[in-house]
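Student: here is a sequence with its predicted model. Questions after.
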Amino acid sequence: MATAVAEVIWMVGLLKDLCVEVSTPIQLYCDSKTAMQTAANPILHERTKHIEIDCYSVREMLKEGLIHPVHVLTKFQLADLLTK
């Protein structure tokens, strides 16, 4: 999820440089409820501190309203079509 958010940030910056208006929030389709809950939860626990750095960028974009994570079932996640 953090990689996808980094790509979104880059793409939005590129489109703004090209004077293209981007409507927000951008829907980010995710098949991991755990990743979505961790990103939305401002409290990190002892068991999740290894993902602390990646989480901050995702949380920042959630707070700014740039992204809106949407849960999809794995079988409908087209980005993972041939990876599983």
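Tutor: That came through, no problem.
Student: could you point out which element follows the helix or strand hosting Thr38?
Tutor: Here Thr38, judged by DSSP states H and E, is contained in helix 33-40. Following helix 33-40 in sequence order, the next helix or strand is helix 52-64 (DSSP H and E).
Student: tell me what that following helix is packed against?
Tutor: helix 2-17, helix 33-40, strand 67-71 (3 or more C-beta pairs under 8 Å, 6 or more residues apart in numbering; DSSP states H and E). No exception for glycine: its C-beta is placed from N, CA and C like everyone else's.
Student: among the ones you listed, which is nearest Cys55?
Tutor: helix 33-40 (6.1 Å; C-beta to C-beta).
Student: follow-up on the earlier one: what comes into contact with the helix holding Thr38?
Tutor: Met1, Cys30, Thr48, Ile51, Cys55, Val58, Arg59, Leu62, Pro69, His71 (C-beta atoms under 8 Å, 6 or more residues apart in numbering).
Student: give the buried residues for that helix.
Tutor: For helix 33-40, burial by neighbour count (16 or more other C-beta atoms under 10 Å) applies to Ala35, Met36, Thr38, Ala39.
Student: low-confidence stretches in the protein?
Tutor: Residue ranges of the chain with pLDDT under 70: 41-54, 76-84.
Student: and Leu15, how far from Ala39?
Tutor: Taking C-beta to C-beta, to the nearest Å as the measure, Leu15 falls 23 Å from Ala39.
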